[in-house]
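Undergrad: Quick one, structure for this:
(2 chains)
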Amino acid sequence: MANILVYIDVQGNRPHPRSLTALNYGRRIASQYGATLYAVLPCAKTPTYGSDDIISVVSRYGADKALLVQGDHLAGPPLACTHLDAIVACARAIPPGLFIFPGTTAGHELGPAFSSRMGSSYQSDVSATEDAPLELSRRIFQGRVQMRQEIEFRGRPSVVVLSATRAAPTIVGNDDAEVFVVQAPLPRRGPKQLESVSVSAGLSNARVVVGGGRGLLRPENFTLMERYAEALGAHVGASRGAIAMGLCRPELQLGIDGQAIDADLYFAFGISGSNAHLAAIPSHTTIVAINADKNAPIFRMAQFGLVADAEATLRALLKNYTKANGVSAGERPNG
Amino acid sequence: MVNIIVLLRAARRDPDSDDVLPGLGPNDLAALRLALSLSTARVTALTMGTDADEQALHQALALGAHKALRIEDADEGLRTADQIAPVLAAVFETLPYDLLLTGQRSADWGSGILGASLAQRLDIPYLSQVSQLVVANGNLVASQTHGDLEVRVTLPLPSLLSVASAPPSNTVIPSAAPQGQHAIEIVDTDDLEFTDASFRGNALPRLLPVKEGTCELVNTPDELLERLRELKFEV
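TA: Numbering: from 1, shown residues only, chains lettered A, B, ... in the order given. I've put the predicted structure just below:
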């Protein structure tokens, strides 16, 4: 395995933090196995140089070399129909033993498409163990089963898309990455039209979601929960049971007959955790269950659990927020 | 009339955990909802499996799908995308379609590669993580969200979209269509021409024991916040 390539998801001229985490991960493997680590940077024009330019940044986070893939059509968002041929051109120029994609929208768009084009082995939403970076784990069956796989190198490149980790990337190198340039071919079949519009984050793409169920008992407690969600900058969801009790609006329903979420963190207040509800929670989400019933099924799926009354817990959390931020929940610290 | 085929994953009994998942996974349901939200669409629900895997198709019919197809698969074991994609590609050589939809992730393996793999085999445009869809004048406009940006992509038909979510709906899913209202058509793989796929990955997955019992119980709200802050959550 001579080369490891890491796709850098560039947003607003800056690498997405998960791209830098992916570089950190690639650095660990490269150092252990004597490989060269390339940061693959799609760009419409040559990046400007300066003390904090993007090449310096990827270098500091572990890249030995920066592989600039240039083409006017790469100015837009990274989609398979615009960027895939460019990434394939990179892989032809620098054949990888391993191609790492970050756990971002771009990673989940391009990783499977690249793997399918190259006929590579593919693993998604994986986390590496601390001691053995080639040993990957991921949760399947909606988080019910932990699966472990090992990256092996038998001719064809391996492609992995990392899980949406919250681990902060760390600086591990200098500013001296060598730069290579690859001209991106025009896409074989580009989109007819591409338009980007700003949107406010909805429930389906919220990073933190606070959900309430029957255990909240009263609409006032649901309002209490909404105050806590607002304090966290989180979105609010609900179980079918909460809606059936009239605690909240039906459009907040999470589950197989409601909305699905893609959050990093999900608080479940007074939610028992039916299969239909948990189907809306992806396996990478950290579930925090607060329920007075210690036998509630949600505790089998949660990473953290507190066997307690939901209302009392919410009041304690709001009190903690006020103490930590010097303002009541509902008043954001920055106004 | 736009001919849409929605590929539904028949969730199966996991051999190690003995756990059974609901017939329709959340992303498959979103794909179905997007298809059914188009007034000009004729929607076919399709799955691959044994007759025990028809629950998802019954639910699709109950939600309003016009037709349901099951590709007969005598093997009751777990199929990966690598094994399914060539079979589906062979099916779509004989089945007319304008647009193919899959759920972004299945409810079992959830690797999210089936759509990309199938689009590659069919040589049609592909877009993942779709949340909205409009079809008009021989094109589709699909939306994908990147943080606080919604990207609207216009693609020609036919294309393949993997759907992550759909606009909220208050529809309650019936467990099945009324009896006798619709029949599920069977596609026999013996009639298809495709080469058997083998596992492409270098390492065969090894299922470990069910994750049950791994919940870390804390005693107080403050302790809970402390643990979450250790994991860098801003709470």
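
Undergrad: Give me the longest strand you can find in chain B.
TA: Assignment by DSSP state E gives strand B:126-136 as the longest strand of chain B.

Undergrad: Centre of the chain to the helix or strand that that strand is followed by, how far?
TA: Using DSSP states H and E, the next helix or strand after strand B:126-136 towards the C-terminus is strand B:139-146. Chain-centre distance of strand B:139-146: 18 Å, with Cα atoms, centre = their mean, to the nearest Å.

Undergrad: Describe which strands the longest strand of chain B pairs with in its sheet and in which direction.
TA: Using DSSP bridges, the strands paired with strand B:126-136 in its sheet are strand B:139-146 (antiparallel), strand B:159-163 (parallel).

Undergrad: among those, which is the most enclosed?
TA: Using mean count of other Cβ atoms under 10 Å in any protein chain shown, the stretch among the strands paired with strand B:126-136 with the largest mean neighbour count is strand B:159-163, at a mean of 27. From N, CA and C alone the C-beta is placed, and that goes for glycine too.

Undergrad: Pull out the buried residues from the next helix or strand after that one.
TA: Counting by DSSP H and E, the element after strand B:159-163 in chain order, helix or strand, is strand B:184-187. For strand B:184-187, the buried set under the neighbour-count rule, 16 or more other Cβ atoms under 10 Å in any protein chain shown, comprises B:184, B:187.

Undergrad: who does strand B:184-187 touch, helix- and strand-wise?
TA: In terms of contacts (3 or more Cβ pairs under 8 Å, 6 or more residues apart in numbering or on different chains; DSSP states H and E), strand B:184-187 is packed against helix B:55-63, strand B:67-72.

Undergrad: Just put these in a markdown table and tack on mean pLDDT and mean neighbour count.
TA: Written out in a markdown table, the entries for the helices and strands packed on strand B:184-187 read as follows (pLDDT from 0 to 100; neighbours: other Cβ atoms under 10 Å in any protein chain shown):
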| stretch | mean pLDDT | mean neighbour count |
| --- | --- | --- |
| helix B:55-63 | 88 | 24 |
| strand B:67-72 | 94 | 19 |
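
Undergrad: Go through the ones you listed and name the closest to B:Ala183.
TA: For the helices and strands packed on strand B:184-187, the distance to B:Ala183 is smallest for strand B:67-72, at 8.0 Å, taking Cβ to Cβ.

Undergrad: could you check the angle strand B:67-72 makes with the next helix or strand after the closest one?
TA: Following the chain from strand B:67-72 toward its C-terminal end, the next helix or strand by DSSP H and E is helix B:81-91. Helix B:81-91 runs at 120 degrees relative to strand B:67-72, counting by axes from the mean of the first three to the mean of the last three Cα atoms, to 10 degrees.

Undergrad: Distance from helix B:81-91 to the middle of the chain?
TA: Offset of helix B:81-91 from its chain centre (Cα atoms, centre = their mean): 14 Å.

Undergrad: now for that helix, which elements pack on it?
TA: Packed on helix B:81-91, when contacts are counted by 3+ Cβ pairs under 8 Å, 6+ apart, are strand B:41-49, strand B:67-72, helix B:114-122.

Undergrad: The shortest one packs against which elements?
TA: For strand B:67-72, the elements it packs on are strand B:41-49, helix B:55-63, helix B:81-91, strand B:184-187, judged by 3+ Cβ pairs under 8 Å, 6+ apart.

Undergrad: 7 Å instead, please
TA: Packed against strand B:67-72 by the contact rule (3 or more Cβ pairs under 7 Å, 6 or more residues apart in numbering or on different chains; DSSP states H and E) you find strand B:41-49, helix B:55-63, strand B:184-187.

Undergrad: Would you mind giving the ones you listed as CSV with distance to A:Tyr122 added?
TA: As requested, those are arranged in CSV below (distance: least, Cβ to Cβ, whole Å):
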stretch, distance to A:Tyr122
strand B:41-49, 20
helix B:55-63, 24
strand B:184-187, 27
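
Undergrad: can you list contacts of the longest strand of chain B?
TA: The contact list for strand B:126-136 (Cβ atoms under 7 Å, 6 or more residues apart in numbering or on different chains) reads A:79-81, A:105, A:108-109, A:113, A:204, B:2, B:34, B:38, B:40, B:99, B:104, B:115-116, B:119, B:140-145, B:153, B:155, B:160-167.

Undergrad: So for A:Pro219, what pLDDT did the model give?
TA: Note for A:Pro219: predicted pLDDT of 95.

Undergrad: scratch that, B:Glu212
TA: 46.

Undergrad: As a check, name the ranges of all helices in the stretch 51-200 of chain A.
TA: Per DSSP state H, counting those that start in this stretch, the stretch 51-200 of chain A has helices spanning A:54-60, A:80-93, A:105-118. These are given in chain order.

Undergrad: Of those helices, which is nearest chain B?
TA: For these, distance to chain B was read as Cβ to the nearest Cβ. The smallest value, 3.7 Å, belongs to helix A:105-118.

Undergrad: Quick one: work out the angle between that closest one and helix B:81-91.
TA: Direction vectors for helix A:105-118 and helix B:81-91, defined by the same axes, to 10 degrees, enclose an angle of 70 degrees.

Undergrad: Up against chain B, what does the stretch 151-300 of chain A have?
TA: Proximity of the stretch 151-300 of chain A to chain B is assessed by Cβ under 7 Å from any Cβ of the partner chain, with A:152, A:154, A:158, A:166, A:168, A:189, A:191-199, A:201, A:204-205, A:232, A:250-251, A:256-257, A:259-260, A:265, A:275-276, A:279-280, A:283, A:288, A:299-300 identified as the residues in range.

Undergrad: quick one on the thing from earlier: tell me the most buried of the helices and strands packed on helix B:81-91?
TA: With neighbours taken as mean count of other Cβ under 10 Å, the helices and strands packed on helix B:81-91 reach their highest mean count in helix B:114-122, at a mean of 25.

Undergrad: Packing partners of it?
TA: Using 3+ Cβ pairs under 7 Å, 6+ apart as the contact test, the elements touching helix B:114-122 are helix A:105-118, helix B:81-91, strand B:126-136, strand B:159-163.

Undergrad: how about CSV for those, with mean pLDDT and distance to A:Ala2 added?
TA: Conversion of those to CSV gives the following (pLDDT from 0 to 100; distance: least, Cβ to Cβ, whole Å):
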stretch, mean pLDDT, distance to A:Ala2
helix A:105-118, 95, 17
helix B:81-91, 87, 26
strand B:126-136, 93, 30
strand B:159-163, 96, 33
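
Undergrad: In the chain, where is pLDDT below threshold?
TA: The chain I'm using is chain A. Applying pLDDT under 70 to chain A flags the ranges A:1, A:50-51, A:141-145, A:153-154, A:165-166, A:199-201, A:256-258, A:329-335.

Undergrad: that's the wrong chain, I wanted chain B
TA: By pLDDT under 70, the low-scoring segments of chain B are B:11-23, B:75-78, B:147-148, B:168-182, B:194-213.

Undergrad: hmm, 50 instead?
TA: In the predicted model, chain B carries pLDDT under 50 at residues B:15-18, B:197-213.

Undergrad: so who does the residue nearest to the spatial centre of it touch?
TA: When Cα atoms, centre = their mean is applied to chain B, the residue found nearest the centroid is B:Gly103 (3.0 Å). With contacts defined as Cβ under 7 Å, 6+ apart, B:Gly103 is in contact with B:9, B:25, B:27-28, B:30-31, B:163.

Undergrad: List the contacts of the residue nearest to it when sequence neighbours are not counted.
TA: Excluding the flanking residues, the one nearest B:Gly103 by Cβ to Cβ, 6 or more residues apart in numbering or on different chains is B:Asn27, at 3.0 Å. Going by Cβ under 7 Å, 6+ apart, B:Asn27 touches A:260, B:103-105, B:163-164.

Undergrad: Keeping just the C-alphas, turn stretch A:160-175 into CSV.
TA: The C-alpha coordinates for stretch A:160-175 follow below in CSV (Å, rounded to 0.1, in the frame of the first residue of the first chain):
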residue,chain,number,x,y,z
VAL,A,160,-14.0,3.8,3.3
VAL,A,161,-16.4,6.5,4.3
LEU,A,162,-15.8,7.4,7.9
SER,A,163,-18.6,7.8,10.4
ALA,A,164,-19.8,11.3,11.3
THR,A,165,-17.4,11.5,14.2
ARG,A,166,-17.3,14.5,16.5
ALA,A,167,-13.7,13.9,17.3
ALA,A,168,-11.8,17.1,16.9
PRO,A,169,-9.0,16.9,14.4
THR,A,170,-5.5,17.5,15.7
ILE,A,171,-2.4,19.2,14.1
VAL,A,172,0.2,16.5,13.4
GLY,A,173,2.5,18.0,10.8
ASN,A,174,4.1,21.0,9.2
ASP,A,175,3.3,23.3,6.3
